[in-house]
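Undergrad: Sequence and computational prediction follow.
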Amino acid sequence: MQIEELKAKGVKFVLMDRGFKDVETNVVVTDNHEAMYSAVKLLTEKGYRKIGMIAYDTPLTHMQDRIQGYKDALKKQE
């Protein structure tokens with residue numbers, strides 16, 4: 001993996017948007033679950049009830065977190 005090569009060479013870096021669970025490094029990320037949860041919550045508070053989400057099928061953590069945030073917000077509003 002290129003990230004491990006950079007670490008081995010002592011190159012300083014910060015990952016943006018997502019990290020790797022098995023690689024310890026500095027990372028700056030968005031709380032995707034909270035962002036989606038807050039967006040859906042705002043819409044429901046404004047009176048919207050038919051809120052959809054389009055997402056692609058992927059195991060990537062950021063998308064799974066967004067989907068879960070969407071689902072959690074809708075459950076809370078039931």
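TA: All right, it came through fine. The shown structure was predicted, so the numbers you read here are calculated from the model rather than taken from an experiment. Residues are numbered from 1 along each chain as shown.
Undergrad: Every contact and neighbour count from this point should use C-alpha atoms.
TA: Will do.
Undergrad: can you give me the helices for the chain?
TA: 2-8, 32-45, 61-77 (DSSP state H).
Undergrad: nearest to residue 53, of the ones you listed?
TA: Evaluated over the helices of the chain, closeness to residue 53 peaks at helix 61-77, with 7.7 Å, by Cα to Cα.
Undergrad: and the gap between residue 36 and residue 3?
TA: Residue 36 sits 29 Å away from residue 3 when distances are taken as Cα to Cα, to the nearest Å.
Undergrad: Which of the two has more residues huddled nearby?
TA: Counted by other Cα atoms under 10 Å, residue 36 and residue 3 do not tie: residue 36 has more neighbours, with 21 against 14.
Undergrad: wait, isn't that one in contact with residue 74?
TA: No - when contacts are counted by Cα atoms under 8 Å, residue 36 is not listed as touching residue 74 (10.6 Å).
Undergrad: Setting the sequence-adjacent residues aside, check what's closest to residue 51.
TA: Computed as Cα to Cα, 6 or more residues apart in numbering, the closest residue to residue 51 that is not its neighbour in sequence is residue 40, at 7.5 Å.
Undergrad: what sits against the one you found?
TA: By Cα atoms under 8 Å, 6 or more residues apart in numbering, the residues touching residue 40 are 51, 70, 73-74.
Undergrad: Those residues, buried ones only, as a ChimeraX selection?
TA: Remark: buried members of these, expressed as a ChimeraX selection using 16 or more other Cα atoms under 10 Å:
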select :70,73,74
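Undergrad: In a markdown table, list the contacts of residue 40 along with distance to residue 60.
TA: Shown next, in a markdown table, are these (distance: Cα to Cα, whole Å):
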| residue | distance to residue 60 |
| --- | --- |
| 51 | 23 |
| 70 | 16 |
| 73 | 20 |
| 74 | 22 |
